[in-house]
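Q: Predicted model follows, preceded by the sequence.
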6 protein chains.
Amino acid sequence: MRSTLSCEIDLDAPGKRHGFLRLPHSTHESAYGFIPVPIAVIANGTGPTVLLVAGNHGDEYEGQIALGRLIREVEPAQVQGRLIILPALNFPAARAGRRTSPIDGGNLNRLFPGDPDGGVTEQIAYHVTEALLPLCSSVIDLHSGGSSLMYTPSALIRRGDDAALFARGVAALKAFGAPHSYIVIPGTNGGRTLSEICFRRGILHLGTELGGGGHATPEAIRVAERGIAGTLRHLEAADIAWDADMRKRSTRILDVGGADYYAYAPDPGVFEPLAELGAEVRAGQPAGLIHHTETPWRAPSRIAFERDGVVLVKRWPGMTARGDCLFHLGTDTGL
Amino acid sequence: MRSTLSCEIDLDAPGKRHGFLRLPHSTHESAYGFIPVPIAVIANGTGPTVLLVAGNHGDEYEGQIALGRLIREVEPAQVQGRLIILPALNFPAARAGRRTSPIDGGNLNRLFPGDPDGGVTEQIAYHVTEALLPLCSSVIDLHSGGSSLMYTPSALIRRGDDAALFARGVAALKAFGAPHSYIVIPGTNGGRTLSEICFRRGILHLGTELGGGGHATPEAIRVAERGIAGTLRHLEAADIAWDADMRKRSTRILDVGGADYYAYAPDPGVFEPLAELGAEVRAGQPAGLIHHTETPWRAPSRIAFERDGVVLVKRWPGMTARGDCLFHLGTDTGL
Amino acid sequence: MRSTLSCEIDLDAPGKRHGFLRLPHSTHESAYGFIPVPIAVIANGTGPTVLLVAGNHGDEYEGQIALGRLIREVEPAQVQGRLIILPALNFPAARAGRRTSPIDGGNLNRLFPGDPDGGVTEQIAYHVTEALLPLCSSVIDLHSGGSSLMYTPSALIRRGDDAALFARGVAALKAFGAPHSYIVIPGTNGGRTLSEICFRRGILHLGTELGGGGHATPEAIRVAERGIAGTLRHLEAADIAWDADMRKRSTRILDVGGADYYAYAPDPGVFEPLAELGAEVRAGQPAGLIHHTETPWRAPSRIAFERDGVVLVKRWPGMTARGDCLFHLGTDTGL
Amino acid sequence: MRSTLSCEIDLDAPGKRHGFLRLPHSTHESAYGFIPVPIAVIANGTGPTVLLVAGNHGDEYEGQIALGRLIREVEPAQVQGRLIILPALNFPAARAGRRTSPIDGGNLNRLFPGDPDGGVTEQIAYHVTEALLPLCSSVIDLHSGGSSLMYTPSALIRRGDDAALFARGVAALKAFGAPHSYIVIPGTNGGRTLSEICFRRGILHLGTELGGGGHATPEAIRVAERGIAGTLRHLEAADIAWDADMRKRSTRILDVGGADYYAYAPDPGVFEPLAELGAEVRAGQPAGLIHHTETPWRAPSRIAFERDGVVLVKRWPGMTARGDCLFHLGTDTGL
Amino acid sequence: MRSTLSCEIDLDAPGKRHGFLRLPHSTHESAYGFIPVPIAVIANGTGPTVLLVAGNHGDEYEGQIALGRLIREVEPAQVQGRLIILPALNFPAARAGRRTSPIDGGNLNRLFPGDPDGGVTEQIAYHVTEALLPLCSSVIDLHSGGSSLMYTPSALIRRGDDAALFARGVAALKAFGAPHSYIVIPGTNGGRTLSEICFRRGILHLGTELGGGGHATPEAIRVAERGIAGTLRHLEAADIAWDADMRKRSTRILDVGGADYYAYAPDPGVFEPLAELGAEVRAGQPAGLIHHTETPWRAPSRIAFERDGVVLVKRWPGMTARGDCLFHLGTDTGL
Amino acid sequence: MRSTLSCEIDLDAPGKRHGFLRLPHSTHESAYGFIPVPIAVIANGTGPTVLLVAGNHGDEYEGQIALGRLIREVEPAQVQGRLIILPALNFPAARAGRRTSPIDGGNLNRLFPGDPDGGVTEQIAYHVTEALLPLCSSVIDLHSGGSSLMYTPSALIRRGDDAALFARGVAALKAFGAPHSYIVIPGTNGGRTLSEICFRRGILHLGTELGGGGHATPEAIRVAERGIAGTLRHLEAADIAWDADMRKRSTRILDVGGADYYAYAPDPGVFEPLAELGAEVRAGQPAGLIHHTETPWRAPSRIAFERDGVVLVKRWPGMTARGDCLFHLGTDTGL
């Protein structure tokens, strides 16, 4: 393990501490500076270590807000074991409110397991993989649709051959209790996500897609807070009352499969969606229009769904390029 | 009148035609080129001339979509008089999906009455003011919240001393039939808007704020389409069936006054709104939080409403600077 | 006259001198610096003052090269009167090899008569208009097609009501002796060119369009050198042997009229020209194709000439936007 | 083979189909989008598979235009075997009209054999190398001088130890029938070109340099079309009549050797070429001048050819940096 | 007076208050936001109103630091009259640490008296000119050399025909007590500085040049603090003890005249200064070298002083363009 | 060894020669160009080969100036052995006056041993490592604080287990004779510096930190010149009289250890240093303030030194980010 990052705080002692992971970054403006990635730990007694991550993409705010509240409000006495909290993991991206790093363009969740000789974003990935994951049995990785997508609030896990790990995942989805949950096939978003790395190491990885559009709604933040509380109680890692009003939630668990679950823009233009989040749609049903606003007398391009399903996500920005994802669907699992 | 723009189509003859306003633009990439601003006309018999504008800001899509449909679907026989339609008025901004022009940074709706010797955006404003407004008795100017704001679908007019013009405006608000309508005080957004120019010339100006967040929802597009049909019928300019299902709408008409109707960010950070669009709020009620995600252990900044009112708009992007508008309110007029 | 520029050299004394027009420019990188616009003077005895300009657009190189040779090779004894030489007039643009200024985006030949309170480019225009034009009876203003256009080597004047000035112009075209010459209608390229300012003041303005494509060919440079020598001899301002081999040239003089002399791109894409420079074309003849290289299976857009004429210019870059000028034509004048 | 790109169309079935290679690209603007690289296949019966590529560099238009015509006009009945056609291979570069990718700066023809874990450009290279080359016996790779160079229309192959492959290359040069052909030494442009990869695998690679200057001339496009038809007939892969008028062409085959075949700019400035494309030049003959347009009274820098030869290419842009290639030469092979 | 800026705080009541000048700025990121220019007032009893300004250029830090200390530490009881304090006047520039505004490129001190219809920077200038200057009898305007220059700590006034105003200026220089003081000729830096506007209105304007290089030294900050205290006591506006240790300072008062007081770079390259700040130099003495680091074997360009004098400023950055100011001198006045 | 760079000059023959390392770089602007990295050699008889490097970071000018003087002034007769001189090693950075390369963002001194398949900066590093270091027994690598730091003029070596190499280093520090010298622990600035590569190969590496702030002072240039002369005489490689006036210098040799030797900015803002270069400071002593100039009424953040020591460096720019290095210290070694 030869991470370039050093941690200002002691992760091993009991109590609550916060500070920065220091990532050395030598630039024209600062030859010997570091990038300050915020980190906190809340530890007490024996129990599991859970890593809670937000800001994996910098424009996904719900998790960043919820983990900030966790750092400020939860005390060691509520914890059994250890919570390691990284609320703005790809810090340069989070500071800029961008999906990807303004320093090296890195999309952190496409760069695991990382590389200590790579760019800044790969160095962050490497530190998580080699310095933090070995401490953990579970990871809660809080995403949302970011600037370009809007999700119905969801939690997700990865399907795989490890039946015990999969069962732990399904139980975590139920404990998180988002309105929808879904299960993705291996290799979704390529093999270099945090989720894939956890899977290979037998660590439980619970993801979320909480909302999006570059905006944070109170509803999605509440889903995050309740879900964190519910999952940490389920994992016997902490007892937090944020979900006091709704402990008996249920979640609808869906599958997301291959290419026919997705709809893409066939032309550039302005997107008008024709289906709502959460709606049940049928194969062939109109999904959206792409309007040609430079030549508005030209008929818009029409997109239809390729299969039946439940709408989990829609594209958010009106301005759209050929190849942009407009929707993806889920189908009931019976779980 | 010495506009630099020339119009490819005849605006005077009966029938339906489309083409471009040609704005000469001499650049490194094209020494003798023009910027093609799309324009259409639908004319038949005698009656009022109505100017319909969208894309005054390039990232406000609802009106661009609705006016494209108007061009494609309405035939001269449905018109009594003339519709002049500019669905992407600040064309460089509309092509880029930006509020302002990528060529000269111009915010078109802050540059009226324009200047033929000014930048590209001022040249567009000048052409509208001097070549098109003299032809018109009414203007429908379709805005939304754009990338940075989200409105409850609304139409708006300007308060003023001309009682007859104000009465025409209130009648137009009712004909448009948006869920909310509001009336702004003179000078809102400065004195260089299209609205102010119309007011000074005694031309009816009906504005809208249809949605926003850089996204086009089907609901807001429908509000635009029904409102256009209702207003054109009210003006006895066209008979379009788009509002067949809901001709008996009512609208709640509100006032928007001075600084206490607004809430602003006191610090930079990530915005969590605490009030819903359309909600009734009270002075002192929490409006939102600004989270310090670079140092998440620091307590968020808190913003309260300064007066009672109805929430007409909220800021959309999570990432927020000091001085950004977070909300504005309306108060009932009794109209 | 309150020009911001000061001239390092004495323009009034006999002899040959060179230096810079100093344009004060206060920037982050240099609070008290100046922009050095090169200038030279060659004066001897009595006779006319001729202003020779190149680099009005920074990516038009033939004139810049020819005027550099003039400065290095011509001695006062060859001059009767005075040559004031500005071989890189919009210096920031010339240094960058761009049509327009990288400092303020200014297209110098759209900003005459200039403004001492305006941007850097307007300050240059003002100095020419108010400090240099009053000294001159004739201006030779060496342009070419720049980066975006390719001309058959041509000289040009402006048509107008001043018959004596027009006759001086026609004589100058013949003295310059480019393969083609042409005469433009008033207001071509708007009213803010150097040509228009000269016309209003009764100063002879001889323009050129020598080649282009961002490239300098030996042939076009030779046309410039021979034309300068021929014109200065005709004006009785200097005797330079550069045209010794071809003093008996003839030129074909053409008119360039209104919109039907031009062809424009109806769509964005990659341009394939279908007519040659100098060719005689007929109305309706194919002019070019716009290829849709993102969807190459789509048929290309076709452009035809709108009238008969001689091809004077074609667009150079393959990559083309809607509204870019592809060709313009000339028609014989009988002069 | 673990390419990140998926192909929308079936490359194996007979017939003609077109669509996109989908390259997943997760950005701030589109989290789940893909880059659409256009691809077509025309297959019929048994015979060789030929890969035809253009847009390897995005500002080389002749091949992009010619392969578009191939897709639109050639029918399966004309084919014996299979043509796989990639007319805009480095699609982000082709869309921008740039040599290199605006996404990652990648020069595709310096990045073979590619890397599925690398940037977008390396992922494209990898897909060609591992998914498409194994299907092919020959590759026609259509280049031109792009924005910075202008070639006399030429085809080229690489010299090497594999005598049979070299003989196939010489035969292909003759079948292509460009006015000039030339043979480069191994390692020209480094070891990471498509040509080098083909050579190592024993696949025939026929390159072209068709023109350039960022411009497409009808002549160079015709050379491409005739050459494609002639080469595909020679390879017994297709029978296309595009070369009906000139099947009995001859080509002059030249060698391009080491450093003395090239001329470079010794200083920055504006380039005036002193030799023509296709000219026979002698060692010591003036090649060009570099003019110092910021201080035009300074004598230009002079460049001479270092050896005898035929001029195959010249630099196109006037604006030139120290180290830019101004010319390269060829010498007769006797082939 | 139609300033676009509004002031959050009451400037008229006694006491100490701080807040922002709100400059409305409608952007893609914030349609209804404002730019927050910090302002404070400390008022007590009757007496003069003094305007204290820093951040006129955003990369001049000494004054920004000193005025922040003034706001935090001085209480109304120490004031007789009113201090209006603008420590970061060109706020967008100050936030960026740039001489000029990143929004519109504006150099605030070249844009007085401003324009309410102009860019953001001109709007700030207009507010100072029309809303604040009418309240004031004196202005202290704290500059330094910024990023590109380094000064010996100095105060300065403008020479002029108004003998009484000039005498007030000389007295203020002595009260400020910088190591050097100097007097500039009218029109230095053009006619659009804050200094020129004050002069025309008969308002005392005391400028400073405190250090520079983009760096704040403790020494230069101390000069600012002592000078502010001394000047405010001299003006009978406030009694601040910051200069307790050195009330009996003297200052050497110099003249800065025309072009021969300055030295400029004759070529681009890397600057090596050969004279020290504060040194007495002679005409012809070497001032510096410009090194040609791209071709280091070429002899450096040499610059000599054109006249005798005291070195008041030197250029700071090594990297230098032709026309950059390297030094300016002062000569004793005998005042 | 497969470096992409070729050397124009013969490094093996006796005498003095200069030219360029040619680094092929294929861009949109120049498809076949090279980047010209200046190089010189001065060789005579037998003796050690010393590599002298400056411009490893492009904004560190003292060494660039001193090595230019070495090339111009030293003759072969003064040399015993060979001097290979690279005065602008990261040439793209040096041409731009930037720490890092504007082409690929590369920080050369974090990219050793380089990679011939990597970016331009890695290719330079590879050439030094594999083509030049094998020729050398010693390397003099001239750095300074660059744009962001200001050093007291210093030379430095690396501590390590190789006692003989360390002793050679200490002797070289004494021969260089800077006012301060210091010794860093292994791994300072990571393992990819030129210093680390030399250490691993048993080559003496003498570094310097001569000044900084993006400025070149005569004093720091003199320290470089004297140090080069003294070190080359000590190494018995050359006899240069530049240090004739001060051959009996002494240097104070300090250690620089781990994190407590450094002070960092805890917040963003404007930096006011409170300690001088070369001063002796104590643990807990105030080091500096970070001023909040956007809200100047807020108290500045305070930074204290964590240990006793001598101040070797301070941050230069006022504008500062959280995590920027403000100071580092040294402690006496007794050497």
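A: Looks like it came in fine. Residues are numbered from 1 along each chain as shown, chains lettered A, B, ... in the order given.
Q: Next one: A:Ala283 from F:Ser30, what distance?
A: Computed as C-beta to C-beta, to the nearest Å, the A:Ala283 to F:Ser30 distance reads 53 Å. Every residue, glycine included, has its C-beta placed from N, CA and C.
Q: ditto for A:His28
A: From A:His28 across to F:Ser30, the span is 25 Å (C-beta to C-beta).
Q: Tell me which of these two has more neighbours.
A: F:Ser30 (25 against 21; other C-beta atoms under 10 Å in any protein chain shown).
Q: what's the neighbour count on A:Asp239?
A: Using other C-beta under 10 Å, A:Asp239 has 13 other residues around it.
Q: my bad, A:Arg72
A: A:Arg72, neighbours per other C-beta under 10 Å, totals 15.
Q: ok, now A:Asp12?
A: Quick note: A:Asp12 (other C-beta under 10 Å) scores 9 neighbours.
Q: Okay, and it sits in which element?
A: A:Asp12 belongs to no helix or strand when assigned by DSSP states H and E.
Q: Excluding covalently adjacent residues, which one is nearest to it?
A: Counting by C-beta to C-beta, 6 or more residues apart in numbering or on different chains, A:Ala43 is the residue found nearest to A:Asp12 once chain neighbours are left out, at 7.8 Å.
Q: What is the neighbour count of A:Ala299?
A: Residues lying near A:Ala299 (other C-beta under 10 Å) number 10.
Q: tell me the SS of the nearest residue to it once chain neighbours are set aside?
A: Spatially, and ignoring its direct neighbours in sequence, A:Ala299 is nearest to B:Arg72 (6.8 Å; C-beta to C-beta, 6+ apart). Classification of B:Arg72 using DSSP: H, G, I helix; E, B strand; the rest coil returns helix.
Q: same question for the helix or strand that contains A:His18, mean pLDDT?
A: Per DSSP H and E, A:His18 falls inside strand A:15-25. Confidence over strand A:15-25 (mean pLDDT, whole number) is 98.
Q: What strands flank that strand, and is each parallel or antiparallel?
A: The sheet places strand A:15-25 alongside strand A:6-7 (antiparallel), strand A:33-44 (antiparallel), with pairing taken from DSSP bridges.
Q: low pLDDT regions in chain A?
A: Flagging of chain A using pLDDT under 70 yields the residue ranges A:246-248.
Q: residues in it within reach of chain F, list them.
A: For chain A, the residues in contact with chain F (C-beta under 8 Å from any C-beta of the partner chain) are A:4, A:6, A:20, A:22, A:24-36, A:104, A:117.
Q: Just the buried residues of the residues you listed.
A: Of the members of these, the ones counted as buried by neighbours, 16 or more other C-beta atoms under 10 Å in any protein chain shown, are A:4, A:20, A:22, A:24-36.
Q: Helices along the stretch 1-150 of chain A, start to end?
A: A:61-73, A:91-96, A:120-127 (DSSP state H, counting those that start in this stretch).
Q: so which of those helices gets nearest A:Ile157?
A: In terms of C-beta to C-beta, the element of these nearest to A:Ile157 is helix A:61-73, at 16.5 Å.
Q: right, and A:Asp59 touches A:His143 too?
A: No: judged on C-beta atoms under 8 Å, A:Asp59 makes no contact with A:His143 at a distance of 10.5 Å.
Q: about what we covered before: where's the residue nearest to A:Asp12 relative to A:Cys198, distance?
A: The spacing between A:Ala43 and A:Cys198, counted by C-beta to C-beta, is 21 Å.
Q: before we move on, what about A:Asp324?
A: Note on A:Asp324: its distance to A:Cys198, by C-beta to C-beta, is 29 Å.
Q: Might you name the residue of the stretch 151-300 of chain A sitting closest to chain F?
A: Closest to chain F within the stretch 151-300 of chain A is A:Arg192: 20.4 Å, counting by C-beta to the nearest C-beta.
Q: and stretch A:262-278, does that touch chain C?
A: No: counting by C-beta under 8 Å from any C-beta, chain C is not contacted by stretch A:262-278; separation bottoms out at 8.6 Å.
Q: Just the CA trace of that stretch, in PDB.
A: Extracted C-alpha coordinates of stretch A:262-278, given in PDB (Å, rounded to 0.1, in the frame of the first residue of the first chain):
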ATOM      1  CA  TYR A 262     -32.700   1.900 -21.800                       C
ATOM      2  CA  ALA A 263     -33.900   4.600 -24.300                       C
ATOM      3  CA  TYR A 264     -31.400   6.900 -26.000                       C
ATOM      4  CA  ALA A 265     -31.600  10.100 -28.100                       C
ATOM      5  CA  PRO A 266     -31.400   9.300 -31.800                       C
ATOM      6  CA  ASP A 267     -30.700  13.000 -32.700                       C
ATOM      7  CA  PRO A 268     -29.500  16.100 -31.100                       C
ATOM      8  CA  GLY A 269     -32.100  18.700 -30.000                       C
ATOM      9  CA  VAL A 270     -34.300  19.600 -27.000                       C
ATOM     10  CA  PHE A 271     -35.800  16.800 -25.100                       C
ATOM     11  CA  GLU A 272     -39.500  16.600 -24.100                       C
ATOM     12  CA  PRO A 273     -40.200  13.600 -21.900                       C
ATOM     13  CA  LEU A 274     -43.500  11.800 -22.400                       C
ATOM     14  CA  ALA A 275     -43.400   9.500 -19.400                       C
ATOM     15  CA  GLU A 276     -43.300  10.100 -15.700                       C
ATOM     16  CA  LEU A 277     -40.900   8.800 -13.100                       C
ATOM     17  CA  GLY A 278     -42.400   5.700 -11.500                       C
END
